[in-house]
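Student: Based on what follows, work out the 3D shape:
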Amino acid sequence: MATSRPRPKVMTLTDAAAERVKAIMARATKPVIALRLGVKNGGCAGMEYTLEWAEYKKPLDEVVEDNGVTIFIDPKAVLFLLGTQMDYQESMLKSGFIFNNPNQTSACGCGESVMLKPAEAVPA
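Tutor: Predicted coordinates for the structure are as follows:
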């Protein structure tokens, strides 16, 4: 019987991103169990990341658990997010989540949207 190797995580979180998600979840006014991440068409570069609180897991959500945080990923976004690292950064002018995504081919000047390509298949 062949042994299968464990599936790699679609994405990871830095310590800063995980701590920020935990802090926001702790202040939620309704019960949430995870952060749901996706992508949608929009913005001047073509795609935008979407973030929303999840009260339940949808049947096809990809589940990522990293640094004590649970992320549900929309199944339509998985190929665009493979290998992504989610970070959280603060500066004097802005703060927010940053996505270090190897599938990103360009971004708009304002930083609100990106152009993404689906990840290529990795040989087994």
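Student: Let me know how buried the spatially closest residue to Gly68 that is not a sequence neighbour is, in neighbour terms.
Tutor: Nearest residue to Gly68 in three dimensions, chain neighbours excluded: Ala18, at 6.0 Å (CB to CB, 6 or more residues apart in numbering). Any C-beta I mention is one placed from the backbone N, CA and C, and that applies to glycine too. Neighbourhood size, Ala18 [other CB atoms under 10 Å]: 19.
Student: buried sites along the helix or strand harbouring Ala18?
Tutor: According to DSSP states H and E, Ala18 maps onto helix 15-26. Using 16 or more other CB atoms under 10 Å as the test for burial, helix 15-26 gives 16-18, 20-21, 25.
Student: got the contact list for that helix?
Tutor: The contact list for helix 15-26, computed with CB atoms under 8 Å, 6 or more residues apart in numbering, reads 13, 32, 35, 53, 66-69, 86-89, 97.
Student: and it, C-alpha only, in CSV?
Tutor: Extracted in CSV, the C-alpha atoms of helix 15-26 (Å, rounded to 0.1, in the frame of the first residue of the first chain):
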residue,chain,number,x,y,z
ASP,A,15,3.0,35.7,13.9
ALA,A,16,1.9,39.3,13.4
ALA,A,17,-1.1,38.3,11.2
ALA,A,18,-2.1,35.5,13.5
GLU,A,19,-2.0,37.9,16.6
ARG,A,20,-4.0,40.5,14.7
VAL,A,21,-6.7,38.0,13.7
LYS,A,22,-6.9,36.7,17.2
ALA,A,23,-7.2,40.2,18.7
ILE,A,24,-10.0,41.1,16.3
MET,A,25,-11.9,37.8,16.8
ALA,A,26,-11.7,38.4,20.6
